[in-house]
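>>> Would you be able to build a 3D model of this:
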Amino acid sequence: MHRRGFGQGKYSESVSRRLVLVHAHPDDETITTGGTMARYAAEGAEVLLVTCTLGEEGEIIPPELAGLGSWAGDQLGGYRSGELSAALRELGVTEHRFLGGIGGWRDSGMAGTAAADHPRAFAAGPLDEQVLQLKTIVDEMRPDVLVTYNSFGGYGHPDHIRAHEITMAVADSATRVFHIAAGGGAVLPPEAPAAAITTTIDIRPYLGAKIAALRAHATQVTVDPPEFALSNGVAQPIGEAEYFTLVRGPREGAGTDLFGGLG
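Okay, here's the model as predicted:
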C-alpha cells in the first residue's frame with residue numbers, strides 16, 4: 001500500500017487538513033467511520049488509519065474460509081490484513097499503519113478468553129510502549145483531528161478500550177479529538193446517547209464506497225444494502241450519516257465537519 005510521506009520525515013506542507021483515526025481491528029474503520037474517511041480523502045485531506053491489531057480473533061462468516069481460524073497459526077490475521085487493504089482502496093485512503101508494525105500486537109479477544117493471555121495481546125501489552133508507538137506516528141503526521149472510541153470502547157471490547165487509552169494519551173498532539181458515537185447504523189450503546197452527539201457527517205455521496213469497503217471485509221461482514229450484518233446475523237442499517245462526539249478542541253464549526261472552523 002502506498003504510504004505517501006512516510007520515510008520522508010514529514011507530510012507535505014501543502015496539505016492543510018490532516019486526520020488520524022485509531023481503530024482496534026480491521027473492519028472497525030469501515031463500519032463506524034468508512035464514509036467519513038472516504039469523504040475527507042475525496043476532498044484532499046490527508047487521512048491516516050492506525051490499526052492496532054490484525055483481528056486474529058474475529059468470527060469467520062463464510063464456511064469456506066473457516067480454516068483460517070487457527071489460533072496458533074494466526075492465518076486469519078494475515079487474511080484480514082488483505083481485506084483491510086482492499087477496503088481502504090475502496091475508501092480512497094492511501095495512508096495506513098499497523099501499530100508496532102504488522103503483527104506487532106495481537107487481537108486480545110474478549111475478556112476471559114484464551115486470546116487475552118497471548119504474549120502479544122494488545123490490551124495486556126505495555127501501555128507506555130504502545131503510547132510511544134502511536135506518538136511516533138502522530139508526531140510525523142501532525143494531525144488537526146484525532147478520532148477513536150469512547151472510554152468504553154463503544155461496546156466494551158478490551159482492544160477498543162486500549163485504543164481509546166493510547167489515543168487520549170497523545171490527544172494534545174491534535175487541535176480536535178472526537179470519539180465515535182455511531183457509524184452508519186452501527187449504534188454503539190450504552191455510551192452514545194443522542195445528546196452526546198456533537199457532530200454529524202453526511203456520507204450520502206460516499207455510501208457506494210462504504211458499501212464496497214464493507215464487502216471487502218467478507219470474513220466479518222455480510223452486506224445486503226441497505227443493511228449489513230456481523231457474525232451474529234443481526235441486520236443493521238447502513239446509515240446515511242456517521243456520528244461523533246467532540247471531546248477536545250474548539251466547538252465552533254464542528255457540527256457537520258470534523259475540520260469545521262479550523263481554517
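>>> Which secondary structure elements does the helix or strand harbouring A38 sit against?
If you go by DSSP states H and E, A38 is part of helix 28-42. Identification of packing neighbours for helix 28-42 by 3 or more Cβ pairs under 8 Å, 6 or more residues apart in numbering; DSSP states H and E yields strand 18-23, strand 46-51, helix 75-91, strand 176-183, strand 199-202, helix 207-216, strand 241-248. For glycine as for every other residue, the C-beta is placed from the backbone atoms N, C-alpha and C.
>>> Remind me what the third one packs against, helices and strands.
Here helix 75-91 touches helix 28-42, strand 95-98, helix 207-216, going by 3+ Cβ pairs under 8 Å, 6+ apart.
>>> Okay, buried residues for it please.
For helix 75-91, a neighbour-count test (16 or more other Cβ atoms under 10 Å) marks L76, G77, Y79, R80, S81, E83, L84, A87, L88, R89, E90, L91 as buried.
>>> And for the fifth one?
Of the residues in strand 199-202, those scored as buried under the neighbour-count criterion (16+ other Cβ under 10 Å) are T199, T200, I201.
>>> ok, the residues you listed vs A182, which is closest?
For the buried residues of strand 199-202, the closest approach to A182 (Cβ to Cβ) belongs to T200, at 9.8 Å.
>>> now the closest residue to that closest one other than its chain neighbours: how far from G44?
Closest residue to T200 apart from its sequence neighbours, by Cβ to Cβ, 6 or more residues apart in numbering: A241 at 5.2 Å. Distance, A241 to G44, by Cβ to Cβ, to the nearest Å: 21 Å.
>>> Also L88?
17 Å.
>>> re earlier: which stretch among the helices and strands packed on helix 28-42 comes nearest G58?
So among the helices and strands packed on helix 28-42, helix 75-91 is nearest, using Cβ to Cβ, at 6.3 Å.
>>> Strand 46-51 and that closest one, what's the angle between them?
160 degrees (axes from the mean of the first three to the mean of the last three Cα atoms, to 10 degrees).
>>> The nearest residue to A182 once chain neighbours are set aside bridge partners, please.
Closest residue to A182 apart from its sequence neighbours, by Cβ to Cβ, 6+ apart: Y243 at 4.5 Å. Here Y243 sits in beta bridges with A182, T200, going by DSSP bridges.
>>> before we move on, the earlier item: now, of the helices and strands packed on helix 75-91, which is deepest in the fold?
Mean neighbour counts were taken over the helices and strands packed on helix 75-91 using mean count of other Cβ atoms under 10 Å, and the top value, a mean of 27, falls to helix 28-42.
>>> How far off centre is that helix?
The chain centre lies 9 Å from the centre of helix 28-42; the measure is Cα atoms, centre = their mean, to the nearest Å.
>>> got it, and stretch 165-175?
Relative to its chain's centre, stretch 165-175 lies at 15 Å (Cα atoms, centre = their mean).
>>> All set, thanks.
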